[in-house]
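Colleague: Sequence plus the predicted model coming up.
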Amino acid sequence: MKRQNNGRSPLVNPQRQITSFFSKTNSPSPSPSPTLSKLNPNKLNPNPSSERSPSPDQSPTTPSPLQSKSKKPRLVIGQTSSLPPSTPAATKSYGEEVLGKRIRVYWPLDKVWYDGRVISFDKENNKHLVEYEDGEEELLDLGKEKIEWVQQSVSGFKRLRRGSSVALKKVVMEDDEGLDDDKSDDESDSDDENWEKNAQKEKLSEDDEVDLVDEEEEKVSKGKKRKAGGGGMKSKNIGDAVKGGGFKVSVMEPLKNVESEKLSNGFDKALPGDASERFGSREAEKLHFLGPKRRDANGRRPEDVNYDPRTLYLPPDFVRSLSDGQKQWWEFKSKHMDKVMFFKMGKFYELFEMDAHIGAKDLDLQYMKGAQPHCGFPEKNFSLNVEKLARKGYRVLVVEQTETPEQLLRRKEKGSKDKVVKREICAVVTKGTLIEGEFLSANPDASYLMAVTESCQSFASQNTERLFGVCVVDVATSKIILGQVGDDLDCSALCCLLAELRPVEIIKPANVLSPETERAIMRHTRNPLVNELVPLAEFWDAEKTVEEIKTIYKNQPDKADSCAVAEDGLSYLPDILSELVSAGENGSLALSALGGTLSYLKQAFLDETLLRFAKFELLPCSGFGDIAQKPYMVLDAAALENLEIFENNRNGDTSGTLYAQLNYCVTAVGKRLLKTWLARPLYNSAVIKERQEAVAGLRGVNLPFALEFRKALSRLPDMERLLARIFTGSEASGRNANKVVLYEDAAKKQLQEFISSLRGCESMAQACSSLGVILENTESRQLHHILIPGKGLPDIITILKHFKDAFDWVEANNSGRIIPHEGGDMEYDSACKTVKEIESGLEKHLKEQRKLLGDTSISYVTVGKDIYLLEVPESLGGIVPQGYEFRSSKKGLFRYWTPNIKKLLGELSQAESEKESALKSILQRLIGQFCEHHNKWRQLVSATAELDGLISLAIASDFYEGPTCRPVILGSSCSNELPTFAAKSLGHPVLRSDSLGKGAFVPNDITIGGSGNARFLLLTGPNMGGKSTLLRQVCLAVILAQVGADVPAESFELSPVDRIFVRMGAKDHIMAGQSTFLTELSETALMLSSATRNSLVVLDELGRGTSTSDGQAIAESVLEHFVEKVQCRGMFSTHYHRVAVDYNKDPRVLLCHMACQVGNGVGGVEEVTFLYRLSPGACPKSYGVNVARLAGLPDYILQNAAAKSAAFEAIYGKRGTESEDNLPIHHSTDEMAVLIQNLTAVTASLSCQKSSEGNGVSLLIELQHRARTLMQQN
């Protein structure tokens, strides 16, 4: 029978030295702990601890067995049950007869039984010496203890040898479960908690397998230095190592989606090279339970539908073989197998087992010595490394130390048998929950976390619409966007939202979303991290969500003192949440989406802090509540992508996009606001004109002031994110909790951020105030609202003055400590006042003593630690009062303490302590005061962002080529007015001459809609003639106009567009199961069902994804629908010249083409010169062979193609030259219809059993002759 290790109770949070944590070895032991050696220098193996027995007369030496985790109950002699007795054997008396017997002793504090052996008996005290399995000894009165007698093991009790200089016992572990592979790293650089610099080491026997040190020895190392990982020394590239054979070491890859997570479970990749050679055999032998027979915590295998890949079942034999530290590590890891665990040990975060492979692979950390995978990095590199892994798609579990070794020692002295410090999970960091990091600081774009749920009614076959609940969170700025969206069957609104926000992380209820919704998420996101939560239990419904948020808001300090509390608790909630709750079913899905988000954020310890300082917004497309929303133009996913608003189609970055053209913002929050403006341009004409006035008010004589504003804020940090960190940092939760042990000066970093926030707010306030001078030169209502204090600009001068007067910002930033000015902090002022009063009392006492002794030379001196010593000349020694206490002397002088001085010194010590305590907590108090005004700080940031965005729009027009103008925005179209688009010399907002090579961009005049004008433009022309560019140009100009910016044109007139529909380009969506043609028609179907009279429809070569006849038929039918039924403005480019012929005389359609010059080339191949000028009339052909020539196809192919093209035109092209009235197609069409009817009848007759096969064949032959005749006539 194998001996079980680790006989103490497994706590939720424990710790030990790195080298001993995951190792058993026969390597030399470390030096004894200097602290404990001082406590008992005469004993070889001191075991100081306080009395834990209920016995009042028990000896104070109660050793703490260092072997943790109790065994299973043994058989009790004389009993059949192995369960512990319910009462101690208090009535029995034991003597020498029990010597050598195995015993189990119950420790009430640990609530665990510990195994040992009785080795001696003290008759005088009637106590037995019990040696525990870990080698610790304790004198016990067995009659007063709760004990069990255990049958002798066949293998006997194995005593441990102890080193002569070891202050604390080593943990002995038997050769079990392959743990002998885990050699200790004596030379490890991970000495995060002290080995003495010149520690003496002793050689242990090869038979002894020991853990290296205990928690009592873990102090900060002053000797060895550890190489900094993740930003420090770089490990060699594992991928370049020599490939090893046999078992491959597992390494968890970033989780791209739920499916890959379920497949991998963290072990889908093999690590090649020397890592495989080094760790492969050990993993195959020791971690066999991670292989094909893997089970989750509930014992389910992967093929079970309820299998949970996030958890792991640990075999009992494996658990029994673990040391204390290993057991604690696996306890955390087995519940979070989908995460990489940063395990805090002293000053370092350690990665073990499969996590170590990730650290080596993705963080360039070095493996430590030994057979067990292990690497780590110092605390100062936490932000860098956690961001690296999160950006790569990993989930990072942060386990922090919540107890110091000294605190553990004090607990052990009180009787606890714990040997590792407490640890707790303090954070879960993912792509969507990052709140700090270098990349986050450098990139102003929001990293959105989005929760989506769907109504069950969406699955009904007869239902024609879907209903979604959406919650979008930007954790870095504490912004929460909520909405309940009615959508079509193709999820158009959801697709639009996904394309606009590009969430980095998705939260959804498991097995709830429809397949169409799942495809939409896959199609319109960029590889997000996907989290499936269990419905109701993890993804809460509306009712559960409301209860949770009520509880959170009620417990907030600023709400707890409120007296006006409604019975339903809604008065605690922000307005938007109250509206959602009151909306009932119209807000239930939105609340459920919020519940899924909060449940997820709760695991990351972000839910309460996020809600307390959250800035709630409603989705513009939300269909509930009475909350007024400004109307916006809708840009769906197709429009955002095809028009390249935010991302180009080449590499996905911002170069060449409309956003890049307009972005001259100097603040990060301004850049984010500009993106919002572009994603949702204004629709209300009055609001558009207001923004135009504001943009115009920042030009001309006001431009220098606007440029000074930009200059003043050019070095401003991301204030929105910085303030959010200050707000969340004021909450003592997660890694900010007071119990978390941090060795880096976290308070100094927080102070620096606080001062940065104060300076940033001061800079914004001064910049906005200095810009107020422009109000004399503009009538803009929007600028007046923003810049007048008390309106859009909060009045914060008094608040800033309070913090300015509270302490010296420069001194505090340099010293890392706040010394408040008088009046800056009441608690500190009170403590200082008390100190001054006591010091005044001491001065008064000095005067009294001088008068009493008649010598004015008597004074106070300080000698060593003794302060306020009354120094009296030796000549006065005879008259010194008897109550004086002599302290010291020097030649000619005696030093005394009077009773009054001693009394005052005691009071002074207490006052100084209170003063220091107030000084330590002053930062948190000041931050708390700062957070009380969080709405005003946010309002200041919003005003700054809006001004920055407006100035950016004002500056952008200076970089257009050619003339620019302020668009004339007509009133919103009504039933009696025709929507209008009219532009003269319209240029391109993005394309510039330097990007075109030779020549310049050719502007064009375009008029669509309005009185007396065609509503639709039908555009033909040669390939590469500029048709698609013109279509994009018009759409971008409309967006610019409705954003409030100037347009590159001599004149521009527009009736606001409610939605831009764009069908452009040829692409498929294989992952969504859509071919190119199906994708094309799906986007067209959305236009047909959603376009209104005020929409702008742009179709580029519709129908090219199928045969010519089908494509042309579809294109003409779609055009007819928009022209006759919708009657909206639109542009339609095509190479189907027959469509142009059919609409040649329709006044509702304007025929145009992109002009070109055609000349004869080599071999009869036409050479086309593009003029890029919009000209009236239709183009006779597309000149596709010319494009083939430009592409470099061989001449013989070009000549052959030109000949075939001419032949086709000779046969079919003559129709295009005839007038519509003379075309014979109308007569033949009627006959063709009859022919089709006959074919249908023949088909039906052939399917009828009564019809003979011969009759059917004869009918088909007859119809075939008629079809040939009709073809010849045409």
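Modeller: It's in. Numbering: from 1, shown residues only.

Colleague: what about the stretch 351-500 of the chain, any weak spots by pLDDT?
Modeller: Within the stretch 351-500 of the chain, the stretches with pLDDT under 70 are 438-441, 457-464.

Colleague: Would you mark the buried spots in whatever helix or strand residue 915 lives in?
Modeller: Take DSSP states H and E as the rule and residue 915 turns out to sit in helix 899-931. Residues of helix 899-931 classed as buried by neighbour count (16 or more other CB atoms under 10 Å): 901, 904-905, 908, 911, 914-915, 918-919, 922-923, 925-927, 930-931. From N, CA and C alone the C-beta is placed, and that goes for glycine too.

Colleague: Show me what it is packed against.
Modeller: For helix 899-931, the elements it packs on are helix 719-729, helix 746-771, helix 797-806, helix 826-853, strand 866-873, judged by 3 or more CB pairs under 8 Å, 6 or more residues apart in numbering; DSSP states H and E.

Colleague: Which of these sits closest to residue 413?
Modeller: helix 746-771 (28.6 Å; CB to CB).

Colleague: Which is the succeeding secondary structure element to the closest one?
Modeller: helix 781-787.

Colleague: quick one: average confidence on that following helix?
Modeller: When pLDDT is averaged over helix 781-787, the result is 94.

Colleague: looking at the protein, which residue lies furthest from center?
Modeller: residue 878 (78.2 Å; CA atoms, centre = their mean).

Colleague: and that one, that one's in a helix?
Modeller: Yes - assessed with DSSP: H, G, I helix; E, B strand; the rest coil, residue 878 lies in a helix.

Colleague: quick one: pLDDT of the closest residue in space to residue 1139 that isn't next to it in sequence?
Modeller: Residue nearest to residue 1139 in three dimensions, not counting chain neighbours: residue 1116, with 5.1 Å by CB to CB, 6 or more residues apart in numbering. Here the pLDDT value assigned to residue 1116 is 84.

Colleague: ok, now which ones touch residue 1116?
Modeller: Counting by CB atoms under 8 Å, 6 or more residues apart in numbering, residue 1116 makes contact with 1136, 1138, 1139, 1142.

Colleague: Write the ChimeraX selection for whichever of these are buried.
Modeller: This is how ChimeraX selects the buried members of the contacts of residue 1116, with burial counted by 16+ other CB under 10 Å:
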select :1136,1138,1139,1142
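
Colleague: Of the contacts of residue 1116, which belong to helices?
Modeller: 1138, 1139, 1142 (DSSP state H).

Colleague: wait, which of the residues you listed is closest to residue 600?
Modeller: Nearest to residue 600 among those, with distances taken as CB to CB, is residue 1139, at 52.0 Å.

Colleague: Touching, the closest one and residue 1019? I think so.
Modeller: No - the criterion here is CB atoms under 8 Å, and residue 1139 misses it with residue 1019 at 10.8 Å.

Colleague: ok so, going back, so the helix holding residue 915 versus strand 866-873, what angle?
Modeller: Calculated by axes from the mean of the first three to the mean of the last three CA atoms, to 10 degrees, helix 899-931 forms an angle of 150 degrees with strand 866-873.

Colleague: Tell me how far helix 899-931 lies from the chain's centre.
Modeller: With CA atoms, centre = their mean, to the nearest Å as the basis, helix 899-931 stands 40 Å off its chain's centre.

Colleague: Ok, stretch 363-372 next?
Modeller: With CA atoms, centre = their mean, you get 28 Å for stretch 363-372.

Colleague: do the same with stretch 296-305
Modeller: Worked out by CA atoms, centre = their mean, stretch 296-305 lies 29 Å from the chain centre.

Colleague: List the buried residues of that stretch.
Modeller: By neighbour count on 16+ other CB under 10 Å, the buried set for stretch 296-305 is 296, 300.

Colleague: Give me the residues contacting it.
Modeller: For stretch 296-305, contacts defined as CB under 8 Å, 6+ apart pick out 262, 265, 293-295, 306-313, 334-335.

Colleague: ok, now with 10 Å
Modeller: 262-263, 265, 292-295, 306-314, 334-335, 337, 511 (CB atoms under 10 Å, 6 or more residues apart in numbering).

Colleague: quick one: terminal-to-terminal distance for that stretch?
Modeller: One end of stretch 296-305 sits 12 Å from the other (CA to CA, to the nearest Å).

Colleague: swap in stretch 653-668?
Modeller: 17 Å.

Colleague: Give me the buried positions along that stretch.
Modeller: 654, 656-659, 661-668.

Colleague: how much space is there between residue 709 and residue 786?
Modeller: 12 Å (CB to CB, to the nearest Å).

Colleague: typo on my end, residue 1016
Modeller: 41 Å.

Colleague: Let me see the mean pLDDT of the helix holding residue 915.
Modeller: On average, helix 899-931 scores 88.

Colleague: just stretch 682-695 next, same as before
Modeller: Here the average pLDDT along stretch 682-695 is 94.
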